[in-house]
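Novice: the following block contains a protein sequence and its predicted model.
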2 protein chains.
Amino acid sequence: MKFSQFFCPTYKEAPKDAVIASHALMLRAGLIQKSGSGLYNFLPMGIRVIQKVKQIVREELERVGCQEVSMTILTPGELWQETSRWNEMDDLMLKVQDRAGRDLCVSPTNEEVIVDIFRKSVKTYRQLPLTLYQINTKFRDEIRPRFGVMRGREFTMKDAYSFHMDKSSLDTVYGDIKLAYERIFKRIGVKYLIVDADAGVMGDSDSKSNEFQVIASSGEDEIVFSDEDGYASNIEKSKTIRKEGPVGSLSDHSTLEKIDTPNLTSIQQISDFFKVDNSCCLKSLLYGVEINNETTYVLAIILGDDELNDVKFNNVIDCDRFWPALDSEFEKLNLFAGYLGPLSLSENIRVVIDEAVDLDRSYIIGANEEGVHYQGFVPKNNLNNFVQRDIRKTQLGDTTPLGNSVNIERGIEVGHIFQLGDKYTKLLGASVLDKQGKHVNPLMGCYGVGIERTVAAVIEQMHDDLGIVWPDSIAPFHICIIVTSLKDLNLVSVADEMYNEIRGLGIDVIYDDRDVSPGVKFKDADLIGHPVRVVIGKTWLNESLLEIKIRKGNKVDKMSKEQFFSMIKEMFT
Amino acid sequence: MKFSQFFCPTYKEAPKDAVIASHALMLRAGLIQKSGSGLYNFLPMGIRVIQKVKQIVREELERVGCQEVSMTILTPGELWQETSRWNEMDDLMLKVQDRAGRDLCVSPTNEEVIVDIFRKSVKTYRQLPLTLYQINTKFRDEIRPRFGVMRGREFTMKDAYSFHMDKSSLDTVYGDIKLAYERIFKRIGVKYLIVDADAGVMGDSDSKSNEFQVIASSGEDEIVFSDEDGYASNIEKSKTIRKEGPVGSLSDHSTLEKIDTPNLTSIQQISDFFKVDNSCCLKSLLYGVEINNETTYVLAIILGDDELNDVKFNNVIDCDRFWPALDSEFEKLNLFAGYLGPLSLSENIRVVIDEAVDLDRSYIIGANEEGVHYQGFVPKNNLNNFVQRDIRKTQLGDTTPLGNSVNIERGIEVGHIFQLGDKYTKLLGASVLDKQGKHVNPLMGCYGVGIERTVAAVIEQMHDDLGIVWPDSIAPFHICIIVTSLKDLNLVSVADEMYNEIRGLGIDVIYDDRDVSPGVKFKDADLIGHPVRVVIGKTWLNESLLEIKIRKGNKVDKMSKEQFFSMIKEMFT
């Protein structure tokens, strides 16, 4: 491709809302252009990258037996009503009525549709296992679209769905697709972690769920991992071991005793007052909880220096939604923020205590009276109605189950695989005959890769001050040829010849033949991030050598034409 | 691919609403599955065909310098408001508001968006000409979706848009893309005609527009053509020469005379009564016409045996919409259906006379009185306010401008190329600097291919009673191997070996290893339409020969393995 004929507008600056590197660089290097809130058009430079990613994804999925289909983007509302997600997905789903008044939505995901395809076509166990996938457009009406294509509203997803007669078949295919994902991200050339992820409420304890996370400071997820023992989990799900906290003076106080604590409402204030470690206090958090349109309340209790893990908490209470209780709700329940505790509570309020709380130990808690706390609260002695569950958030200082200390880093979720069980096949009445002629709802797995997000994540991980540093596998062009003067016909003829020769090798090459200064060409080459830049200029005139820059590391070398060609053949063919 | 592992449900019958061959066969051969009204999911067999078509389209467009982009499917309403198409496209456009109350639509076409991309990125004439294309999903909320993917609501279109400083550059690129389209349909292997097409109101006389029409009896368009001189036009636009009609007795009556004609309201009744040819009567048609929300009326006058060409008429009157006048409108205007004519009309009613009407000749017309006609109406003598334009529809018996008689056949529009002029660049304020530093609105061309519709059109043209007859270029598989008995390990081992050998050649092969009767396999192979079917069965056991069926023509032959391989290498590599 000759740059003079290539549609690739580049910019020195990115707009102010581009706060992360990938967003800014994709705009500046002419990969994308914004069309509306959370809507990005892809320009030719971006298309080249996207297509390479899609190709890798396709090849690796087909290799493990997945078959490609394509579902419509607009899907009938009736299907979503069968599973109740028409209401549950709520504002995230873009709903529309057609001219005949029929409900449609712009698909945010496709479990319903794939099960509809399945139930219309598959009748017997002999047709299973079956894994279908598509690479297609989705729309989620995010409340705050941001970070460019990282969290856009319209995006391309590879979504695959598998169907099985039994868990062992599901486990096998799940393993195959996990392997395919490993190959995909390895081929793309990005560093990633496979982490345990939350499978949601429907995931029973037996259901696997893994995320493929690209480690990058701009990530929206927190990843807990240990390099020593390979532990890796999304913090939403991580189960790690707290460091042993100081016991303080509390073992002395095993008798429940009310203490006046006027105006002391935070854990820090209370532990200062009692001269104990924060972990000797219990933090009580009151949540409103909606289940089937009824509101109840739950008190979550964790150690004073812990944080609540919302996702774990949500899975424990299994509700439609929950929220920190409002002032008006405190009032209605006659409770006091800052003085909450599990004693003298209305029976309607469920109590969930975190597993890190030692039920035999004595703690300080709020007394549910304004300005009063208890000391000497021993859960086992003083409390009857409660459940103990894992609801705390991993923190630095925790150790893995094998005893190694954890790291916590931010990650970008580029892939997610789930075991879904029979939820959707049941709800949609999809069954097949088993060997005994009995109708069975097959088990399902589902498997997603965000295509644009993968590209953005690669850039987050692989860029420097000058621009993008593409891995070879998905670079839009492998090589950029720059000729320093279009007026020097000798240089131009060398460049022309090399351009044709490289193209002949099937290597993706862009020849910057624009009538602009060499400086502009150098800057654009660095910004766009071609793996290899070859300059035909002064060194050619003086020494008959090419000037080669390897973008990764930005090392510049002089090379003969022969050396150059043997290098690029090694790299790209 | 082994059929036992391939997701391809086949059916003996198609649903009743599948009235055309391609619709029925695509459902029966497992290419598609209906999801909702005008919504079809593609299954793996269909995907294979679609991807081959897309690949051919891509290669041929890139070959003439088109560059691929991808626009979002949901597009901001504001853009469409800039050109007024937000209102003009009306019910065809699926409009939706997002959670923030912003207008969006599911794009039915993308002129607005491409011009938005252009105006944000292109600043000078040096960047032109520029042609961008995408292969992407569109949605048109057809009032009567029908014929499967032929007129579905969601569909894939290759849409390209070109930008130019002048008409000569537009003509050059238009010609290049026309050539690319010829190559595309030739490579696909379908018989097509390039026809002159209506460019709509905006197309000035200088604007080119061509349709690529696949001739098939189920087509929705009518194509006028001559094999002798190469004339080819959509009937919407065709300008052909009427046969000379009999003059009848009318030359005698050049004096306007009222004749009572009670209850004679049709042309046939009137010409029988006057004993003249139908063409001696003028057919007057009254239309309501809306322009900028104001309603006026137009009387269209054509020869008695001609039909009105709606599209030509629409271009002449240049209105927002028009309709045959309603009974209530006749009443309001004090006019009488069956007795309409151009005389004694209210001045507000415009009169358009077709060019085939001889202004010097005498005709019979309605008198705008109930039960009365005029004879001896000579337009030139008796009428002042009228325009004469080409508004008749070509009919059999007409001749081309070169004097050859025309054929009229039905066609399926699979491609359409237009010269748009500067309509959109003007409306959206897209300008570039010309050599003199002046702002200029570039000219545009736009170029579409319906991807699914092309597949359906191929099937309409290439099928028989047994099923589809794929051309080699887009057949999902080139070869189908059938082994007649899975129990005969000798046959199976020959089949296995051949399967691997054919795959090794890079030829697309499906191996029907299903545990079903040979009859079922034969039927499915014919239905799906693989170009070559090879049966390993009796003839192998008896004579060490393969039984080969070439689907096109359904000829069956015996062949040695060596002959077979040399044939398929010739055909597919």
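Specialist: Thanks, I have the structure now.
Novice: most centrally placed residue in chain A?
Specialist: In chain A, the centroid-proximal residue (Cα atoms, centre = their mean) is A:E413; its distance is 2.1 Å.
Novice: three-state assignment of the closest residue to it other than its chain neighbours?
Specialist: Distance criterion Cβ to Cβ, 6 or more residues apart in numbering or on different chains; nearest residue to A:E413, sequence neighbours excluded, is A:E211 at 5.1 Å. Any C-beta I mention is one placed from the backbone N, CA and C, and that applies to glycine too. What DSSP: H, G, I helix; E, B strand; the rest coil gives for A:E211 is strand.
Novice: around A:L179, how many other residues sit close by?
Specialist: By other Cβ atoms under 10 Å in any protein chain shown, 13 other residues sit near A:L179.
Novice: and the pLDDT at the closest residue to A:K561 other than its chain neighbours?
Specialist: Excluding its sequence neighbours, the residue lying closest to A:K561 (Cβ to Cβ, 6+ apart) is A:L546, at 6.4 Å. Looking at A:L546, its pLDDT reads 97.
Novice: quick one: A:L546 and A:V534 touch, right?
Specialist: Yes - if you go by Cβ atoms under 8 Å, A:L546 and A:V534 touch, sitting 5.2 Å apart.
Novice: joint contacts of the two?
Specialist: Here A:L546 and A:V534 have A:F564 as joint contacts, going by Cβ atoms under 8 Å, 6 or more residues apart in numbering or on different chains.
Novice: what's the following helix or strand after the longest strand out of those in chain A?
Specialist: Longest strand in chain A by number of residues (criterion: DSSP state E): strand A:407-421. For strand A:407-421, the succeeding helix or strand toward the C-terminus, using DSSP states H and E, is helix A:423-427.
Novice: give me the number of residues near the residue nearest to A:E413?
Specialist: Neighbours of A:E211 under the rule other Cβ under 10 Å: 27.
Novice: again with A:A325
Specialist: Neighbours of A:A325 using other Cβ under 10 Å come to 23.
Novice: repeat that for A:E59.
Specialist: Applying other Cβ under 10 Å, we find 13 residues neighbouring A:E59.
Novice: Three-state assignment for it, please.
Specialist: With three-state DSSP as the criterion, A:E59 reads helix.
Novice: contact partners for A:P342?
Specialist: Taking Cβ under 8 Å, 6+ apart as the criterion, A:P342 is in contact with A:S284, A:L299, A:I301, A:V351, A:I353, A:I365, A:P379, A:L383, A:F386.
Novice: and those residues, which is closest to chain B?
Specialist: Closest to chain B out of those is A:L299 (32.5 Å), distances taken as Cβ to the nearest Cβ.
Novice: may I have the phi/psi pair for the closest one?
Specialist: phi -100, psi 120 (degrees, to the nearest 10).
Novice: just A:A300 next, same as before
Specialist: Main-chain torsions, A:A300, degrees, to the nearest 10: phi -100, psi 130.
Novice: repeat for A:L92
Specialist: Main-chain dihedrals, A:L92, degrees, to the nearest 10: phi -70, psi -20.
Novice: spatially nearest residue to it (excluding sequence neighbours)?
Specialist: In this structure, A:L92 finds its nearest non-sequential neighbour in A:R140, 5.1 Å apart by Cβ to Cβ, 6+ apart.
Novice: neighbours of the one you found, how many?
Specialist: By other Cβ under 10 Å, 22 other residues sit near A:R140.
Novice: kindly list the longest helix within chain A.
Specialist: Selection of the longest helix in chain A by residue count, based on DSSP state H, yields helix A:167-188.
Novice: got the buried residues for that one?
Specialist: Residues of helix A:167-188 classed as buried: A:169-171, A:173-174, A:176-178, A:180-181, A:183-185, A:187-188 (neighbour count, 16 or more other Cβ atoms under 10 Å in any protein chain shown).
Novice: packing partners of it?
Specialist: Packing partners of helix A:167-188 (3 or more Cβ pairs under 8 Å, 6 or more residues apart in numbering or on different chains; DSSP states H and E): helix A:44-63, strand A:154-164, strand A:192-196, strand A:209-215, strand A:407-421, strand A:443-450, helix A:451-461.
Novice: out of the ones you listed, which is closest to A:D229?
Specialist: A:D229 lies closest to strand A:407-421 among those, at 11.8 Å (Cβ to Cβ).
Novice: ok, and for that closest one, which residues are buried?
Specialist: A:408, A:410-421.
Novice: for chain B, what are the nearby residues on the stretch 51-200 of chain A?
Specialist: A:65, A:67-76, A:91, A:94-96, A:98-100, A:102, A:104, A:106, A:113, A:116-117, A:120-122, A:127, A:130, A:132, A:137, A:139, A:141, A:143, A:153-154 (Cβ under 8 Å from any Cβ of the partner chain).
Novice: what subset of those residues is buried?
Specialist: Neighbour counting over those (16+ other Cβ under 10 Å) leaves A:67-76, A:94-96, A:98, A:104, A:106, A:113, A:116-117, A:121-122, A:127, A:130, A:132, A:137, A:139, A:141, A:153-154 as the buried ones.
Novice: restricted to strands, list those residues.
Specialist: Going by DSSP E, the strands hold A:67-68, A:74-76, A:94-96, A:104, A:106, A:130, A:132, A:137, A:139, A:154 from these.
Novice: taking those residues, tell me the two that lie furthest apart.
Specialist: Using Cβ to Cβ, the two most remote members of those are A:V96 and A:L130, lying 31.2 Å apart.
Novice: ok now do A:K208, which residues does it touch?
Specialist: Going by Cβ under 8 Å, 6+ apart, A:K208 touches A:D171, A:Y174, A:A199, A:I417, A:F418, A:Q419.
Novice: A:G445 is in contact with the second one, correct?
Specialist: Yes - with contacts counted by Cβ under 8 Å, A:Y174 reaches A:G445, the gap being 5.2 Å.
Novice: what's the overlap in contacts for those two?
Specialist: Contacts common to A:Y174 and A:G445, judged by Cβ under 8 Å, 6+ apart, are A:S162, A:I417, A:Q419.
Novice: does the last one touch A:V173 like I think?
Specialist: No - between A:Q419 and A:V173 no contact is recorded; they are 9.8 Å apart, counting by Cβ under 8 Å.
Novice: find residues that contact each of those two.
Specialist: With contacts taken as Cβ under 8 Å, 6+ apart, A:Q419 and A:V173 have A:G445 as neighbours in common.
Novice: which strand residues bridge A:V432?
Specialist: Beta-bridge partners for A:V432, by DSSP bridges, are A:V440.
Novice: tally of neighbours for A:P401?
Specialist: A:P401 is flanked by 11 other residues according to other Cβ under 10 Å.
Novice: same check, this time on A:L545
Specialist: Neighbours of A:L545 under the rule other Cβ under 10 Å: 18.
Novice: what about the closest residue to it other than its chain neighbours, distance to A:Y161?
Specialist: Sequence neighbours aside, A:K558 is the residue nearest to A:L545 in space, at 4.3 Å (criterion: Cβ to Cβ, 6+ apart). From A:K558 across to A:Y161, the span is 54 Å (Cβ to Cβ, to the nearest Å).
Novice: for the stretch 251-400 of chain A, what spans make up the strands?
Specialist: Remark: strands assigned in the stretch 251-400 of chain A by DSSP state E, counting those that start in this stretch are A:257-260, A:282-291, A:294-303, A:321-324, A:350-354, A:363-369, A:372-377, A:387-389.
Novice: thinking again about what came up before, ok, A:K558 and A:Y161, which is more surrounded?
Specialist: Counted by other Cβ under 10 Å, A:K558 and A:Y161 do not tie: A:Y161 has more neighbours, with 26 against 16.
Novice: who's in contact with A:M1?
Specialist: The contact partners of A:M1, by Cβ under 8 Å, 6+ apart, come to A:F477, A:V509, A:I510, A:Y511.
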